[in-house]
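*Asks:* predicted model and sequence follow; I will ask about them next.
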Amino acid sequence: MPATFSSCGTSASSSCRTSSWPWWVPWWSCPRWWSGWTAGLPAGQNRVRIARGIGEMRFSRLFVKTLRQAPAEADTVSHQLLLRAGMVQQVAAGVYAYLPLAWRVLRKIEQIIREEMDRAGGQELMMPGLQPVEIWEQSGRRDAFGKTLFTFTDRRDRRLCLGPTHEEVAAGLASRYVQSYRDLPLLLYHIQTKFRDEPRPRGGLLRVREFDMKDLYSFDVDEAGLDVSYKKMLQAYKNVYDRCGLPTVVVEADSGAIGGKESHEFMLIADSGEDEVFHCPACGYAANAEKAESVKPRLEAEEPASIEEVATPGIKTIEDLANFLGIPPSRTLKAVFYTADDQVVFVTIRGDFEVNETKLKNALKAHELRLASDAEVARAGLVAGYASPLGVHGIKTVGDDSIALGTNFVAGANKPDTHLRNVNYPRDFGVDILTDIALARVGDACPRCGERLQSIRGIEVGHVFKLGTFISERLGAYYLDKDGATRPIFMGSYGIGLGRLMAAAIEHSHDEQGIIWPLPIAPYHIYLCPLYTDDPEIERVAEDTYAQLEKAGFEVLFDDRRESPGVKFNDADLLGIPIRLTLSSRTLKQQSIELKWRSKKETELLPLSGLVETLKKLVGGSSEKANNRPQNRPRGLQSWQDCDIFYCKETYSEKWVKNPTFLLQGDGFSRMEA
RNA sequence: CGGGGUGUAGCGCAGUCAGGGUAGCGCGCAUGGUUUGGGACCAUGAGGUCGGCGGUUCGAAUCCGCCCACCCCGACCA
């Protein structure tokens, strides 16, 4: 039997038996290979599994095995569901292969992003994944990225790295193009794989080491120009998330290793999110916990008293100390030791606050910050548990501004089992740096309006930065202004991780049964689910319906398997295809097909006649657009630009609709209409 | 990098502590049959470097040593 026969069937044998196709006739002459016609064959024998055209898909041929149980390594919901739905496979820690279903979703997300970047004036290009380490040293970010940078040497001992981001390269490209202010502003973007050797990949696709990302770099003449580009991007990002059907909030953020002064993150609200966001329901202030500020309550002033020692045997923690002395934690001073770039740092903060390490790191302008080891603490002459800000010599000291908001604190005495009463700043001790290094707290006052802050969890799905000029200056990206003066280009940087967005969408939208895709990024629109019986009519109608829907431009996953209803329904739910159409003898009796939205419980019967038109109305697509899709479409959203608007309103969570205040106001953002 | 955990069939697990016969179970997979509206049933069957290397022993999934991979917490991190 020629091997080529398998091209038109599951196996050569089954195909040949059912078709009686003579083996000496070339397989490409087989009508079934090009027409996909299968109707009228006896039920039960029809095992023909073929794709009739680009993009059409029968479940039996799909490169997917769904799993009933999630692999043990997955413990976040999105990771479990991605694995169970057969969307990704892990290749190494934080390194994944994206299988067909995931790849379709990623391409849709990518296409939405591409359209919005283009609409905002961006120009797409491709940059290398490989970069010389020199440009990182030139920009001064080599140290900031540290071990996160994947580095190696080539055969000529040149040092290379895998690009974790592309500001340096982009600045280099721009510097050779931009000569005059007339060449600005400029928005360049690319969508490609980036590499970061994260200390700990985790959460499936939420934090990985190799990932596809859209990065746009803006180039402007000055701060004002940067502001305009930045606002354009904020709007473009909002459009992207809206079109993906994902409610996000904009929050102020720390710029981290990327650098720059102003920065915002887009957060998808999800209880499982690893980021905490503080927000003010009254004025709309919202910030990542790393960045968030709050008004620290000042304690009632007392007359400063003189210092006295108090014996506190075995009392080492603030909690114990407060209990032991019968005072609130706010009347104590906490001492914490860090090692910042190999220097021990003594940090003092009022007992009721916690240190915000991001703020501390920024205050110290340090690249690496970690808690000091016991050995390091001892070497610095400090007594852990009883360390005192008084009489610290030879090491850098940082104080949170909360230490000035009270009097007569209890602090360590720097000898075992002893504390000091009535310690006052700055009367009794000084610090090298006094600034805000505290974590904001729920219930503290909003720094803008004084209302109480609340907190919510989210997943970072986008991050934008106002970089300013530090990279352009170091990489020589200058232009001539109107007066002929040489000036550095103002840069901005705007990133969205595609895989993380996909995973975040699952975190946000799923139930016990599986994923619930928003229509615009769903791998398929429709799950066509015939329940086969002895009645060949079901199969005939199913094939016919499939052909009609495909022709009308719907993306249909046709479950042609002869599985039991339970298996099919469970797979449909697991994969999360937005619309399920069930065809059975039951519905056929009424000349109808059953429609069920994945996001809803109830089902409804649709008449078979005029089905395409009915679905178009339901989905909000137009036949014209659907039919006009290019043959080699990235089957993205270009033909569905209307439907995403329609669908977004459906998918916004109640929480979101009721609390539209998270959106940054007055920044080109308006409240979401409910 | 610190702490904890796990590696046995595609997936989930038992067996390991208390060393001995052919390494088991569920799901999935294959074949045949009966089934078909929420993960059906019967029968038969295939599938394993027990993470790797070394050691102890007549004999190691099991005991000892080293290493590796993966996961979780922390550190860290667009």
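*Replies:* Arrived safely. Computed from a predicted structure; not experimentally measured.
*Asks:* what about A:Lys361, which SS state?
*Replies:* helix (DSSP: H, G, I helix; E, B strand; the rest coil).
*Asks:* can you pull the contacts of it?
*Replies:* Residues near A:Lys361 by Cβ atoms under 8 Å, 6 or more residues apart in numbering: A:Ala340, A:Leu369. (C-beta placed from N, C-alpha, C; glycine too.)
*Asks:* one more time with 7 Å, if that's ok
*Replies:* A:Leu369 (Cβ atoms under 7 Å, 6 or more residues apart in numbering).
*Asks:* and it, how far from A:Gly458?
*Replies:* Separation of A:Lys361 from A:Gly458 (Cβ to Cβ, to the nearest Å): 22 Å.
*Asks:* same deal with A:Val105?
*Replies:* In terms of Cβ to Cβ, A:Val105 sits 20 Å off from A:Gly458.
*Asks:* over to A:Lys231?
*Replies:* From A:Lys231 to A:Gly458 the distance is 22 Å (Cβ to Cβ).
*Asks:* neighbour-wise, which of these two wins?
*Replies:* Neighbour comparison, A:Lys231 and A:Gly458: the larger count goes to A:Gly458, with 27 against 13 (by other Cβ atoms under 10 Å).
*Asks:* so the more buried one sits right up against A:Ser272, yeah?
*Replies:* No. Here A:Gly458 does not reach A:Ser272: they are 9.7 Å apart, not a contact under Cβ atoms under 7 Å.
*Asks:* so A:Gly458 versus A:Val464, what's the distance?
*Replies:* Relative to A:Val464, and taking Cβ to Cβ, A:Gly458 is found at 16 Å.
*Asks:* neighbouring contacts of stretch A:448-455?
*Replies:* Here stretch A:448-455 makes contact (Cβ under 7 Å, 6+ apart) with A:276-283, A:285, A:294-295, A:440, A:442-446.
*Asks:* contacts only, for the nearest residue to A:Ala287 once chain neighbours are set aside.
*Replies:* In this structure, A:Ala287 finds its nearest non-sequential neighbour in A:Glu252, 4.0 Å apart by Cβ to Cβ, 6 or more residues apart in numbering. Listed by Cβ under 7 Å, 6+ apart, the contact partners of A:Glu252 are A:His264, A:Ala286, A:Ala287, A:Asn288, A:Lys291.
*Asks:* give me the helix or strand of chain A that scores worst on average pLDDT.
*Replies:* helix A:641-651 (a mean of 27; mean pLDDT, DSSP states H and E).
*Asks:* may I see the buried residues of the host helix or strand of A:Lys616?
*Replies:* Using DSSP states H and E, A:Lys616 falls within helix A:611-619. Judged by neighbour count using 16 or more other Cβ atoms under 10 Å, the buried positions of helix A:611-619 are A:Leu611, A:Val612, A:Leu615, A:Lys616, A:Val619.
*Asks:* kindly state the pLDDT recorded for the fourth one?
*Replies:* Going back to what we said before, that points to A:Lys616. Per-residue confidence (pLDDT) for A:Lys616: 90.
*Asks:* now it: how far from A:Val95?
*Replies:* 41 Å.
*Asks:* please apply the same query to A:Gly412.
*Replies:* On the measure of Cβ to Cβ, A:Gly412 and A:Val95 end up 47 Å apart.
*Asks:* looking at these two, which is more packed in?
*Replies:* More crowded of A:Gly412 and A:Val95, by other Cβ under 10 Å: A:Gly412, with 26 against 13.
*Asks:* need the phi and psi values for the more buried one.
*Replies:* Backbone geometry at A:Gly412, expressed as degrees, to the nearest 10, gives phi -70, psi 160.
*Asks:* that one is in contact with A:Gly391, isn't it?
*Replies:* No. A:Gly412 is beyond contact range of A:Gly391, at 10.7 Å (criterion: Cβ under 7 Å).
*Asks:* just list the residues touching the closest residue to A:Val178 other than its chain neighbours, thanks.
*Replies:* Of all residues not flanking A:Val178 in the chain, A:Tyr479 sits nearest, at 5.1 Å (Cβ to Cβ, 6+ apart). When contacts are counted by Cβ under 7 Å, 6+ apart, A:Tyr479 touches A:Val178, A:Gln179, A:Ser180, A:Tyr181, A:Asp183, A:Leu184, A:Val221, A:Arg487, A:Ile489.
*Asks:* what helix or strand is A:Thr358 on?
*Replies:* Using DSSP H and E, the element containing A:Thr358 is helix A:357-364.
*Asks:* my bad, should have said A:Glu507
*Replies:* Counting by DSSP H and E, A:Glu507 is found in helix A:498-508.
*Asks:* other SSEs contacting that helix?
*Replies:* helix A:77-84, helix A:100-119, strand A:210-220, strand A:454-468 (3 or more Cβ pairs under 7 Å, 6 or more residues apart in numbering; DSSP states H and E).
*Asks:* how about those, which one is nearest RNA strand B?
*Replies:* Ranking those by their distance to RNA strand B (criterion: Cβ to the nearest atom of the strand) puts strand A:210-220 first, at 3.4 Å.
*Asks:* got the buried residues for the helix or strand following the closest one?
*Replies:* Later in the chain than strand A:210-220, the nearest helix or strand by DSSP H and E is helix A:223-243. Buried positions in helix A:223-243, judged by neighbour count with 16+ other Cβ under 10 Å: A:225-227, A:229-230, A:232-243.
*Asks:* intersect those residues with the contacts of RNA strand B.
*Replies:* Among those, no residue is within reach of RNA strand B (Cβ under 7 Å from any atom of the strand).
*Asks:* A:Ala413 touches A:Val423, doesn't it?
*Replies:* No. Using Cβ under 7 Å as the test, A:Ala413 is too far from A:Val423 to be in contact (9.5 Å).
*Asks:* more crowded one of those two?
*Replies:* Legend: neighbour count by other Cβ under 10 Å for A:Ala413 and A:Val423, higher for A:Val423 (26 against 23).
*Asks:* name the nearest residue to A:His367, sequence neighbours excluded.
*Replies:* A:Asp143 (5.0 Å).
*Asks:* could you list the domains of chain A?
*Replies:* A:36-64+A:518-619, A:104-294+A:453-503, A:308-435 (automatic domain parsing).
*Asks:* now render those domains as TSV, adding distance to A:Ser509.
*Replies:* Shown next, in TSV, are those (distance: least, Cβ to Cβ, whole Å):
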stretch	distance to A:Ser509
domain A:36-64+A:518-619	7
domain A:104-294+A:453-503	8
domain A:308-435	30
